[in-house]
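K.L.:
My questions concern the predicted model and sequence given below.
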Amino acid sequence: MSPPPAGSGPGSADATGRPGAEGMHDLVLAPGAVDLPAAARLFTEMLSADGAVVFLVDSERRQLEVGAAYPAPKAEEPALRIPVGYGVTGLVALNGRPVAIVDDSPRNPAHRRLLGLGPEETISRLVVPAHAMGAAVVAVVAVHRRSSEGFTSQDREGIQRCADLLGLRLYAQGLLGAAEEHRSERDQLIAQAISAQEAERRRIAGDLHDGVTQALASLAFHLSAADTALSALERSTPAVAGPKTQIEAARRLAGLAYDETRAAISGLHSLMLDDLGLVAALESLTQNVPQIEVEFRGDTAEEIGEVPDHMAAVLYRIAQEAVNNAVKHAEATRAVLSIRRVGDSLVLSVTDDGVGFDAQAVREQTGTAEFGEHYGLATIAERCALIGATLRIDSAEERGTAVMVELPLAPTG
Ligand SMILES: Nc1ncnc2c1ncn2[C@@H]1O[C@H](COP(=O)(O)OP(=O)(O)OP(=O)(O)O)[C@@H](O)[C@H]1O
Ligand SMILES: [Mg+2]
């Protein structure tokens with residue numbers, strides 16, 4: 001087969017003014033979904049034909065439906081669907097080989113209407129497959145002329161290259177769509193898992209509050225009453241001094257157990273987060289650390305804007321762990337918890353002025369037997385990965401620690 005003369009045919013600019021393959025390059029490189037009506041028109045003009053139809057093969061490779069046609073079909077026309085393997089178009093989809101026919105007369109009335117054919121009219125058609133990776137046919141391009149002047153092999157070669165370009169683009173578009181769908185399914189599952197975990201924590205916190213803390217509070221009350229009664233007896237009956245000391249100790253222990261249970265409840269779940277949102281919850285976190293001074297610096301809730309519940313819960317847990325670490329390990333005098341909106345991201349940071357540590361070494365040792373049970377930082381990193389946030393830990397000996405989390409949010413309107 002001889003190559004087309006330079007400067008002619010559908011592969012390049014044409015002396016007759018026909019558009020060449022550059023038009024298809026432009027179309028497939030344009031951002032967004034590929035413009036199929038423009039592709040159908042381009043195929044028509046490339047061969048100076050009377051029209052073209054781009055059929056798309058469905059994902060199960062069972063049937064073809066019209067992606068676009070030139071001239072554009074009337075809106076009220078019923079949709080044309082052709083089973084793969086049926087008729088010329090269906091066979092091209094099945095075999096992946098182009099077909100050129102003269103004096104064709106499709107039988108399907110919907111197909112005839114799409115081609116604008118009268119009862120006895122015939123047309124010449126060039127039907128080529130649009131291949132994707134692995135030679136699968138993702139679309140079929142059918143160009144037609146009303147005359148019985150058929151299409152040449154040169155027409156076929158040029159159009160085939162452009163059809164394959166379109167096929168690749170459609171394939172890539174399908175892959176992107178599938179990836180997007182998986183991503184949103186994954187995000188939904190993560191949101192559900194985090195919400196379920198929070199609901200479970202809320203339930204445990206509720207049970208502890210309603211059961212254990214109430215019982216401890218009334219235990220402390222009764223012990224206090226017994227203590228008061230024994231105090232009244234103490235002067236007249238010195239023997240009660242011993243039991244009184246025991247009761248005082250029991251009362252102190254009941255108070256301690258009460259405080260610890262309350263602390264466990266607020267560690268398990270923040271009512272503030274449910275009722276007043278992330279900013280208020282973070283602020284209250286800084287107020288419940290008696291060991292060191294923790295300053296809260298944050299944008300207002302309005303400035304922060306909408307934060308999906310599961311992401312707010314994750315940011316709260318991260319802040320809680322980072323503050324706990326500052327209290328437990330840093331020997332700090334001061335820490336700062338901050339939350340800010342920066343463009344379309346939320347930036348959470350916890351910094352302290354403590355002793356610092358080798359974050360890289362901790363990361364490398366996490367999970368090893370010698371390192372023991374230190375899960376906080378690893379959990380922070382896992383939580384960040386779950387919600388698509390980036391984590392940075394800057395720490396240097398004697399220069400304190402900064403834990404920074406940047407969470408991209410959907411752009412605000
Ligand atoms: N702000 C900090 N200042 C100094 N050292 C820190 C700080 N944060 C973490 N570290 C060091 O990193 C180690 C690992 O922290 P991580 O939070 O993973 O575990 P942990 O706090 O020891 O235990 P867990 O969080 O599981 O209760 C800590 O043991 C500590 O040595
Ligand atoms: Mg920790």
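P.N.:
Now that the structure is in, tell me what you want to look at. Residues are numbered from 1 along each chain as shown. Ligands and ions are numbered 1, 2, ... in the order given.
K.L.:
Break down the stretch 1-150 of the chain into its helices, ranges please.
P.N.:
21-29, 36-46, 87-95, 109-115 (DSSP state H, counting those that start in this stretch).
K.L.:
Pretty sure D358 sits against T401.
P.N.:
No. Counting by C-beta atoms under 8 Å, D358 sits too far from T401 to count as a contact (10.7 Å). Quick note: C-beta positions are derived from backbone N, CA and C, even for glycine.
K.L.:
Now the common contact residues for those two.
P.N.:
In terms of C-beta atoms under 8 Å, 6 or more residues apart in numbering, D358 and T401 are both contacted by the residues S395.
K.L.:
and the two? which has more neighbours close in?
P.N.:
T401 (24 against 12; other C-beta atoms under 10 Å).
K.L.:
If that one is in a bridge, with which residues?
P.N.:
D352, S395 (DSSP bridges).
K.L.:
so it touches S349, yeah?
P.N.:
No. Judged on C-beta under 8 Å, T401 makes no contact with S349 at a distance of 10.5 Å.
K.L.:
for ligand 2, what are the nearby residues on this protein?
P.N.:
Neighbours of ligand 2 within the chain, by C-beta under 5 Å from the ion: N325, G376.
K.L.:
report the longest helix in the chain, please.
P.N.:
With secondary structure taken from DSSP state H, the chain has its longest helix at helix 153-207.
K.L.:
about what we covered before: okay if I get the helices of the stretch 1-150 of the chain as JSON lines plus mean neighbour count?
P.N.:
Formatted as JSON lines, the helices of the stretch 1-150 of the chain follow (neighbours: other C-beta atoms under 10 Å):
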{"stretch": "helix 21-29", "mean neighbour count": "16"}
{"stretch": "helix 36-46", "mean neighbour count": "21"}
{"stretch": "helix 87-95", "mean neighbour count": "19"}
{"stretch": "helix 109-115", "mean neighbour count": "17"}
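K.L.:
how about the ones you listed, which one is nearest G167?
P.N.:
helix 21-29 (9.6 Å; C-beta to C-beta).
K.L.:
Roughly how far does the residue in the chain positioned nearest to ligand 1 sit from R363?
P.N.:
For the chain and ligand 1, the shortest gap (C-beta to the nearest ligand atom) falls at G376, measuring 2.3 Å. Remark: distance between G376 and R363 (C-beta to C-beta, to the nearest Å) = 12 Å.
K.L.:
quick revisit: same for the longest helix of the chain, what does it pack against?
P.N.:
helix 21-29, helix 36-46, strand 123-131, strand 137-145, helix 241-268, helix 309-329, helix 376-387 (3 or more C-beta pairs under 8 Å, 6 or more residues apart in numbering; DSSP states H and E).
K.L.:
got the contact list for L230?
P.N.:
V240, P243, K244, I247.
K.L.:
tell me the angle of the strand or helix carrying A335 relative to helix 309-329?
P.N.:
Under the criterion DSSP states H and E, the helix or strand holding A335 is strand 334-342. Calculated by axes from the mean of the first three to the mean of the last three C-alpha atoms, to 10 degrees, strand 334-342 forms an angle of 160 degrees with helix 309-329.
K.L.:
Name every strand pairing with strand 334-342 and say which way it goes.
P.N.:
Strand pairing (DSSP bridges) places strand 334-342 next to strand 293-298 (parallel), strand 345-352 (antiparallel).
K.L.:
is ligand 1 contacted by it?
P.N.:
No. Applying C-beta under 6 Å from any ligand atom, one finds strand 334-342 separated from ligand 1 by no less than 8.2 Å.
K.L.:
Which parts of that strand count as buried, going by neighbours?
P.N.:
Neighbour counts over strand 334-342 (16 or more other C-beta atoms under 10 Å) mark A335, V336, L337, S338, I339, R341 as buried.
K.L.:
pretty sure the third one is touching L285, no?
P.N.:
Yes. Under the criterion of C-beta under 8 Å, L337 makes contact with L285 at 6.8 Å.
K.L.:
joint contacts of those two?
P.N.:
V294, A319, V323.
K.L.:
which of those residues lies closest to P19?
P.N.:
Among the shared contacts of L337 and L285, and counting by C-beta to C-beta, the member closest to P19 is A319, at 59.2 Å.
K.L.:
Return the residues in contact with that closest one.
P.N.:
L282, L285, L337, I339, L348, V350.
K.L.:
picking up where we left off before, can you say which of the strands paired with strand 334-342 is packed in most?
P.N.:
Stretch with highest mean neighbour count among those: strand 345-352 (a mean of 22; mean count of other C-beta atoms under 10 Å).
K.L.:
Could you chop this protein up by domain?
P.N.:
21-181, 271-413 (automatic domain parsing).
K.L.:
Can you add mean pLDDT and give those domains back as CSV?
P.N.:
What follows is those, written out as CSV (pLDDT from 0 to 100):
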stretch, mean pLDDT
domain 21-181, 91
domain 271-413, 91
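K.L.:
sorry, back to before: out of the helices and strands packed on helix 153-207, which gets nearest to A72?
P.N.:
Of the helices and strands packed on helix 153-207, nearest to A72 by C-beta to C-beta is helix 36-46, at 6.4 Å.
K.L.:
Just the angle for the closest one relative to strand 137-145, thanks.
P.N.:
Going by the same axes, to 10 degrees, helix 36-46 makes 50 degrees with strand 137-145.
K.L.:
In this structure the residue of the chain closest to ligand 1 contacts V323, no?
P.N.:
No. Counting by C-beta under 8 Å, G376 stays clear of V323, with 10.7 Å between them.
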